[in-house]
Structure formats: C-alpha cells, structure tokens
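In: Following is a predicted model, sequence given first.
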Amino acid sequence: MKVSPIHAAVLEALADDDGRSIHGIASAIDEKPETVTGAAFALEEAGLVQVEEVDRTTVSLTAEGTTYEGEGLPERRLYAAVVESVGTETPVALGDVLAEADIAGEEIDIALSNLARKGLGAIDSGELTVVADPPPDTEASALAAIAADDTDGIDAAVLDQLERRNLISVSTHTERTVTLSSAGAAAVEEGLEVAEQLGPVTPELLTSEDWKQAEFRPYNVTADPPLEIGGRVHPLRQMAERVKDVLIGMGFREMDGPHVDADFWINDCLFMPQDHPARTHWDRFALEQPERIDKLPDELVDRVEAAHREGVGEDGEGYRSPWDEDFARALALRGHTTSLSARYLSGRAIGELEPPQRFFSVEKVYRNDTLDATHLLEFFQIEGWVMADALSVRDLMGTFTEFYEHFGITDLEFKPHYNPYTEPSFELFGTHPRTGELIEIGNSGIFRPEMLEPLGVEADVMAWGLALERLLMLVTGAEDIRDVHGTLVDLEYLRTEEAIY
Ligand code: PHE
C-alpha cells in the first residue's frame, strides 16, 4: 500500500502494540503531537486505525498544597500542638500554642476555621479545646496520595474540598489512543510503500516544475486544531464602529472633543440653569486639579449669561436667577456629549457652520449613577444633530426610524419629555427582544432659541443622545449591561460572542 512517510511511520509505530497514545507515538517517531494527531485522523478516515478519546483528569498539588503535604495541614499542626501542651478536652489560650504549632499570619485563620469544620475542636473567648479521638483526616491522606501520584482512590468530595482550599489543581484534557484496525494490520503486514507527499506549494517547487510530478498531501479539514485565543474587537467597540458607519452613510460627520470640559460647555451653553439638580456634586465627577478652565470665549460667555438671566427674543424670560461665571468655569468629566454639540454649534470647534449640517459622535460620558443592570458609571453616547431650515419633530422621528432600521429595530416608541435645552423633547424606547420590556434608548428634541441664539445659530437644530450599550442590549438580547462590558464581564462571552456584522 502506498502511504505518505508520516502515515507509514505512525502505522509502523503501532504495529506491535495494542494501542498507543498520541504522545507515545510522537516521541517514538520524533514528530510533533499535532502532526501525529492529524495523521491518526487521516488514517482513521482511511479505515487503517481507530482513534479512541478519553477525557483524563490530572490532579496536582499547588505550591501551598506542597508545603502542607510536607509540614502538615495547619489545623493538624494546631491540633497536635494543643494535645502536646494540655491534652484533649482542656482549654488552652490560643496564643500559647500558635508558636508551638509554627502558625502565624494568615495561617491562623486557616487553622482555626478548618479545625472547627473538621470537628477537631472549638475556640471560645480566645481559648481552644480539642476533642479526643478525632476521625482520620481524609484531606491529609489525600494530599499524601496526590504527592505520590496515586489519585485513583480519592473521594470526589475530598478532592472538591482540597480544590476549594486551593491546595490542589484539577485539570482535564482529552487523551487519544490509536490502535491498528485489521485493515491497518494487514497493510503493515503486506508492506508499506512510502510515497513522498508534499505539503505546501513553494516558489522553488513552482520554478523547478517539480510540482508536475509531485504528489500532494491532502488537507484534513476536519482535524481539531489547537485552540488559539487571540485578541479581538470587543462587541461594544464593534457596535460603536457599526453605528459610525451607519451615520456616515446617512451623511453625518464626526465630532470630537475633551472628556473633561468646563461646565460652561457641558451645561451653561445648553441653557441648563446653574441650580439644576443635575449640576450638583451628586451627579457629576468634578475635577480637583485643575479645578477650572483657563479660557472661555468672552463674548459667548456674555451672551449665554444674558440668555440665562433674561432669556432671548422679545418675550424671553430667562431664569432670572443668579449666573456665576466662576461656576461655569468648573471642570468635570462630561455627563453627556452634548458639550461637543455646543462647541461645534458655537463655531469654535471647526469654524462657523452654515446649514445644512449633520454631525455625530460615539463617545464616552460619565455619570455618578448607581450601578445596576442598565446603568454604568461610564457609558457611550451616540450624540447627533442636524442643522437645517424649518425642521420638525417628523424629521427627528424619521431620522431615528431610518437609523434604528439599520439594526433591525422597527418598534420604536416616543414619549414626550423635558430637557431645559430642547422644546419639544422626547425620549425613545425600544422593546427588549428577550424580556419584552420597554427600555429607554435615547433622549432628543429640537434645541431651544435660548440655546441657539447665544451660540449664533440661526437655523433649526434637532439633536439627540442615544445609549450605545442599550442599543447593544436590544441587538444581542443581553439582559444585564454588566455582562457585556465592564469589570464583571464574562471572558468566555468576549471570546465566543459572534461578530455582529
Ligand atoms: N444630553 C441628553 C442626554 O444626555 C441627550 C440629548 C442631546 C437630548 C441633545 C436632546 C438633545 O440625555
């Protein structure tokens, strides 16, 4: 029979055996285990061998386990020290026996809790009493057995307990045993003819024209390759990129700007009264160093102050409340990216903007919220605005309908809302695909003249802030935002979550 060199080597290595492990074959023929695995599967396909898989568990001592195996478990040492000093059923001050047992630091807690758990004794007001005739210590004997590599007879509950104590580590892997089939044995018997088979095509092979005569090794597309866990783009980042693509496709340009900004840009330019509850220290992350912004455009500051005090237009009212420039200069982490919209609309980001204009950002914002299933202290906002003459709520609704359709969300609901800087305003809701719950996904409106006039904008501007994480929840069905992103996120999820594109 004609076979490749590696197949011949594997078959021959199996000839006088009842079955060999992949590693056994690999070391016998001096090949990599992966190569042997690939060959074994190919030979199995050809009916020449059988590959049997068994999941094996290996148990080994951790560094701490090794120490205790040598010195004795802390609770056993403590027990022995008490027996030595006062015998059983007699209290002794803990302090008097610790040194004897050579126990200090965190071993004290370990010794006491395990002593109590195993019923070896009890502590009461700093005095320790141990029992007579304690039961045999299955954990100590299991440690000794593991050290001697004789793990077969150990009770599963004892292994569990030792693993919980971090004294052993248990791992499983698949072991493959390869055995010649009768067809394989017959083929070896008749003699194998080794046919050189080539792997990858090389430039030399092509230029020398040797490829014309060569026989190529077939690909085994069903072999299990080793699992490689590489870096990959986080699902939330993938969603951010997709949102950007959609908005750019809808004719928007991207804004950028500072994460730490003056309250002036975050709030005052948005006609947010200085005594608004969201401006207290409860909600915002203020900066201590530096505390205030150096430069604000004077003229704009005057116009914003006038709007706050007296309003704009003939029957404008304003808040008629104090307005303090120092307060406006205070720096904080932005609580929304509407600060970027204010900067762009003011003409101070990239110059004066004439209508029509469309801008967006997908950027991080920071709020001192209470962490729960739908709130994080940092999240991404999809900010956006359109400047044009004569905009209406219908334009806003139409824009959202078009935007969310790109993500398969077609059941938007709108609810009237209030923002100091928009009139009318409304919140957007979408239905969670798993729980059926209506969840808020954004806030929007048409900027008020009290905001636009000081910024020098004459056209209408409709605007919004949408939550990227909520969009991700609607698209993926995730029920808890903390499962998707942040410190509690499951690495397995990040590794295996399918790309959304
Ligand atoms: N700034 C608002 C928020 O954070 C979103 C918004 C932006 C609303 C622009 C209206 C207009 O909720």
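Out: Everything's here; your move.
In: Which pLDDT value does the model give Tyr501?
Out: Note on Tyr501: pLDDT of 48.
In: Leu227 too?
Out: pLDDT recorded at Leu227 is 82.
In: Next: the one 10 residues further on.
Out: In this prediction, Arg237 carries a pLDDT score of 93.
In: Can you give me the neighbour number for it?
Out: 14 (other Cβ atoms under 10 Å). To be clear about C-beta, it is placed using only N, CA and C from the backbone, and glycine gets the same treatment.
In: same check, this time on the one 10 residues further on
Out: Residue neighbour count, defined by other Cβ under 10 Å, stands at 21 for Leu247.
In: The one 3 residues further on now?
Out: Applying other Cβ under 10 Å, we find 15 residues neighbouring Met250.
In: so what's it up against?
Out: Residues near Met250 by Cβ atoms under 8 Å, 6 or more residues apart in numbering: Arg358, Thr399, Glu402, Phe403.
In: any chance of the residues you listed in CSV, plus secondary structure?
Out: Listed next are these as CSV, based on DSSP: H, G, I helix; E, B strand; the rest coil:
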residue, secondary structure
Arg358, strand
Thr399, helix
Glu402, helix
Phe403, helix
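In: So which of these wins on neighbours?
Out: Ranked by neighbour count (other Cβ under 10 Å), the contacts of Met250 have Phe403 at the top, with 24 neighbours.
In: Which secondary structure state is assigned to the residue nearest to that one when sequence neighbours are not counted?
Out: Excluding the flanking residues, the one nearest Phe403 by Cβ to Cβ, 6 or more residues apart in numbering is Val246, at 6.4 Å. Recorded secondary structure, Val246: helix (three-state DSSP).
In: isn't Val246 right up against His406?
Out: Yes: the criterion here is Cβ atoms under 8 Å, and Val246 meets it with His406 at 4.6 Å.
In: Those two: who's more crowded?
Out: A direct count of neighbours by other Cβ under 10 Å for Val246 and His406 places Val246 higher, at 18 against 14.
In: Let me know the distance separating the more buried one from Val461.
Out: Distance, Val246 to Val461, by Cβ to Cβ, to the nearest Å: 21 Å.
In: again, but for Leu94
Out: 73 Å.
In: The two - which one has more neighbours?
Out: When neighbours are counted by other Cβ under 10 Å, Leu94 and Val461 differ, and Val461 comes out ahead with 23 against 18.
In: and that one, what does it touch?
Out: Leu345, Trp385, Val386, Met387, Leu391, Ile446, Phe447, Leu452.
In: in its sheet, what does the helix or strand hosting it sit against?
Out: In this assignment (DSSP states H and E), Val461 forms part of strand 460-467. Strand pairing for strand 460-467, determined by DSSP bridges: strand 378-388 (antiparallel), strand 438-447 (antiparallel).
In: Just the pLDDT for the residue nearest to Phe403.
Out: Looking at Val246, its pLDDT is 97.
In: before we move on, back to that, reformat the strands paired with strand 460-467 into a markdown table and put mean neighbour count and distance to Val83 next to each item.
Out: What follows is the strands paired with strand 460-467, written out as a markdown table (neighbours: other Cβ atoms under 10 Å; distance: least, Cβ to Cβ, whole Å):
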| stretch | mean neighbour count | distance to Val83 |
| --- | --- | --- |
| strand 378-388 | 22 | 57 |
| strand 438-447 | 21 | 63 |
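In: Please convert these to TSV, extending it with distance to the ligand.
Out: Formatted as TSV, the strands paired with strand 460-467 follow (distance: least, Cβ to the nearest ligand atom, whole Å):
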stretch	distance to the ligand
strand 378-388	6
strand 438-447	4
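In: Indicate which one of the ones you listed is closest to Asn166.
Out: With Cβ to Cβ as the criterion, Asn166 lies closest to strand 378-388 of those, at 33.4 Å.
In: Could I have the CA atoms of the host helix or strand of Gln50 written out in CSV?
Out: Assigned by DSSP H and E, Gln50 belongs to strand 49-61. In CSV, the C-alpha atoms belonging to strand 49-61 read as follows (Å, rounded to 0.1, in the frame of the first residue of the first chain):
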residue,chain,number,x,y,z
VAL,A,49,-6.6,2.8,12.6
GLN,A,50,-9.1,3.5,15.4
VAL,A,51,-8.8,6.6,17.5
GLU,A,52,-10.3,6.4,20.9
GLU,A,53,-10.8,9.5,23.0
VAL,A,54,-10.8,9.6,26.8
ASP,A,55,-11.1,12.7,29.0
ARG,A,56,-8.5,12.4,31.7
THR,A,57,-8.3,14.4,34.8
THR,A,58,-5.0,15.3,36.3
VAL,A,59,-4.7,16.3,39.9
SER,A,60,-1.6,18.1,41.2
LEU,A,61,-0.6,19.9,44.4
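In: May I see the buried residues of that strand?
Out: Neighbour counts using 16 or more other Cβ atoms under 10 Å place Val49, Val59, Leu61 of strand 49-61 among the buried residues.
In: Helix or strand with the lowest mean pLDDT in this protein?
Out: The weakest-scoring helix or strand in the chain, judged by mean pLDDT, DSSP states H and E, is strand 197-198 (a mean of 79).
In: From the chain's centroid, how far away is that one?
Out: When C-alpha coordinates are averaged (Cα atoms, centre = their mean, to the nearest Å), strand 197-198 and its chain have centres 44 Å apart.
In: Listing partners with orientation, what would you give for that strand?
Out: Going by DSSP bridges, the partners of strand 197-198 are strand 215-216 (parallel).
In: Give me the mean pLDDT for the partner strand.
Out: 82.
In: Check stretch 266-277 too.
Out: Per-residue scores along stretch 266-277 average to 93.
In: Stretch 325-344 now?
Out: 96.
In: Pull out the buried residues from it.
Out: 327-344.
In: how about whatever residue of the stretch 401-501 of the chain ends up closest to the ligand, what does it touch?
Out: Closest approach between the stretch 401-501 of the chain and the ligand, counting by Cβ to the nearest ligand atom: Gly465, at 2.6 Å. Residues near Gly465 by Cβ under 8 Å, 6+ apart: His336, Thr337, Thr338, Gln381, Ile382, Glu383, Gly442, Asn443, Ser444.
In: what's the closest non-adjacent residue to it?
Out: Closest to Gly465 by Cβ to Cβ, 6+ apart is Gln381, at 4.9 Å.
In: and what of Leu162?
Out: Going by Cβ to Cβ, 6+ apart, Leu162 has Ile168 as its nearest residue, at 4.6 Å.
In: okay, that neighbour: pLDDT?
Out: 95.
In: And Leu128, by the same measure?
Out: On the pLDDT scale, Leu128 gets 93.
In: Checking it next. Helix, strand or coil?
Out: Once three-state DSSP is applied, Leu128 turns out strand.
In: in the stretch 201-350 of the chain, which spans are helices?
Out: Taking DSSP state H, counting those that start in this stretch to define them, one finds helices in the stretch 201-350 of the chain at 203-208, 235-249, 263-266, 298-310, 325-329, 338-345.
In: right, and those helices - which one's nearest Ile481?
Out: Nearest of these (Cβ to Cβ): helix 235-249, 9.6 Å.
In: re earlier: among the contacts of Val461, find me the one that's closest to Thr280.
Out: Using Cβ to Cβ, Phe447 is the member of the contacts of Val461 that lies nearest Thr280, at 24.0 Å.
In: Specify the beta-bridge partners of the closest one.
Out: Bridge pairing for Phe447 - DSSP bridges - gives Thr422.
In: For Thr88, which non-adjacent residue is closest in space?
Out: The shortest distance from Thr88 to any non-neighbouring residue, by Cβ to Cβ, 6+ apart, is to Ala132 (4.0 Å).
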